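Chemist: structure for this input, please:
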Amino acid sequence: MRNAGVNPDLRSLTGLRFVTMLPVFLIHASFETVFDDDEVNGFLIYGMGTSAALMVSFFFVLTGFVMTWSRRPGDTARRFWRRRFFRVVPSHVVTYAIAVALMVWAGAVLDPIATVTQLFLLQAWVPDPAFFDTGNTVTWSLSADLFFYALFPALVPVVGRIREDRLWWWLVPPVAVLLVLPAIATAALPDTPEMPLGGVSVSQYWLVFFNPLTRLLECVLGMLVARAVLSGRWIGLRPWVPALLLVVVYLATLRLPFLYRLDAIGIIPVVLLVGAVASADLSGGTWLGRRWLVYLGELSFGFYLTHNLVLKYGHLAFGTTWEEGEWVPRSWSTPIGVALIVAAFAVSLLAAWLLHTLVEKPVVRAWSKPRRRTDPDGEDPIEPAAPPIVRSPGN
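Modeler: Numbering: from 1, shown residues only. Just a heads-up that it's a prediction; the model follows:
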């Protein structure tokens, strides 16, 4: 699906990965209720609202965009799968093992089926919190990513054959499904049992938020936007416009039903933001492309895998108190609680650096590419190339 050459790196999008990780960290920090003042805990939880959920949508759209943008000349499904496997799975296995050890240390009861399901990144397919909300809980998104990786080699030639003048029309069906999905979930699925937050049932929440088929729609949107930018069909928005639109839409819809605020309402500005930042990179870049921020963006995958473990088990490491018939983690005054959250952020960043430096980079460098082989005539065998993008004359 690619040109003959290699598309330029999009540094600002890499930097944006870290910026959009901050709400995800803060919402998980809010779940720890580290403050002894319930009003402060409530302010943080409800103040963050569903902002982190919108950032999760951003990451799925970004996944589809980056996979399409970085498609290599002469690429094959086997090579693609090999790269993605060694990019994602080893780091997951390391943090999975750490999560299991921490659960044992904390005295948690391990469900054998759920634990094995998470190891193989299948948990997002099961509409049960015992599967998607256990262990290293954030890896449910990798479960959805794995599904997308499996389908990407089949999807990319289909997206590549869409006529450039129809690309924007093809964005409409996935967006429409995401917009109506909360209504479908509310009408068709039972209202119980309920999730702890949001006032929605487990099955409703799963269909809209955790379901890999739902997330596939966001990845496809990213693929379509990548095609629009590659083919020169981007509409010319500067990044601040969709960023401001995302904030305005989020604030304006705070009173909408919870399911609509997870990804449906914000999906349009999220899609526009990815395309606008990528387009800005091609025309000189943005402040998001500064070296230090790009490096933090490179650490964002490790940060994502480790931050919730640091928050949850770091909190438990300070001990528990007996309250109302159960053991609960300790809480502190507001200044100390803020200091502990900042410390958890720093420790998570250190853990991300260790994972990136000791696992991710060495494994990718050693095994993500097959060894070069030659045929008896000395020619390097090249598997059939992926179908090219359908491009208009002059592009």
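Chemist: check contacts around the one residue sitting closest to the centre of the chain.
Modeler: The centroid of the chain falls nearest to Phe59 when counting by C-alpha atoms, centre = their mean (3.8 Å). Contact analysis of Phe59 by C-beta atoms under 8 Å, 6 or more residues apart in numbering lists 17, 20, 141. Quick note: C-beta positions are derived from backbone N, CA and C, even for glycine.
Chemist: for the helix or strand containing Arg17, C-alpha coordinates in CSV please.
Modeler: Applying DSSP states H and E as the criterion places Arg17 in helix 11-30. Backbone C-alpha positions of helix 11-30 (Å, rounded to 0.1, in the frame of the first residue of the first chain) are rendered in CSV as follows:
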residue,chain,number,x,y,z
ARG,A,11,7.8,13.3,15.5
SER,A,12,4.9,15.4,16.8
LEU,A,13,2.6,12.4,16.8
THR,A,14,5.2,10.5,18.9
GLY,A,15,5.4,13.4,21.4
LEU,A,16,1.6,13.6,21.5
ARG,A,17,1.5,9.9,22.6
PHE,A,18,3.1,10.9,25.9
VAL,A,19,0.9,14.0,26.4
THR,A,20,-2.3,11.9,25.9
MET,A,21,-1.0,9.3,28.4
LEU,A,22,-1.3,11.8,31.2
PRO,A,23,-5.1,11.6,31.7
VAL,A,24,-4.8,7.8,31.6
PHE,A,25,-2.3,8.0,34.5
LEU,A,26,-4.4,10.5,36.4
ILE,A,27,-7.6,8.5,36.2
HIS,A,28,-5.9,5.4,37.5
ALA,A,29,-4.3,7.4,40.2
SER,A,30,-7.8,8.7,41.2
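Chemist: list the buried residues for it?
Modeler: 11-18, 20-21, 23-30 (16 or more other C-beta atoms under 10 Å).
Chemist: ditto for stretch 207-220
Modeler: 207-212, 214-220.
Chemist: got it, and stretch 97-116?
Modeler: 98-100, 102-103, 114-115.
Chemist: end to end on it, go ahead and measure it.
Modeler: Start-to-end span of stretch 97-116 (C-alpha to C-alpha, to the nearest Å) is 11 Å.
Chemist: could you say which helix or strand contains Gly42?
Modeler: Following DSSP H and E, one finds Gly42 within helix 38-48.
Chemist: and the angle for whichever helix or strand comes after that helix with helix 11-30?
Modeler: The helix or strand immediately downstream of helix 38-48 is helix 51-69, counting by DSSP H and E. Using axes from the mean of the first three to the mean of the last three C-alpha atoms, to 10 degrees, the direction of helix 51-69 lies 150 degrees away from that of helix 11-30.
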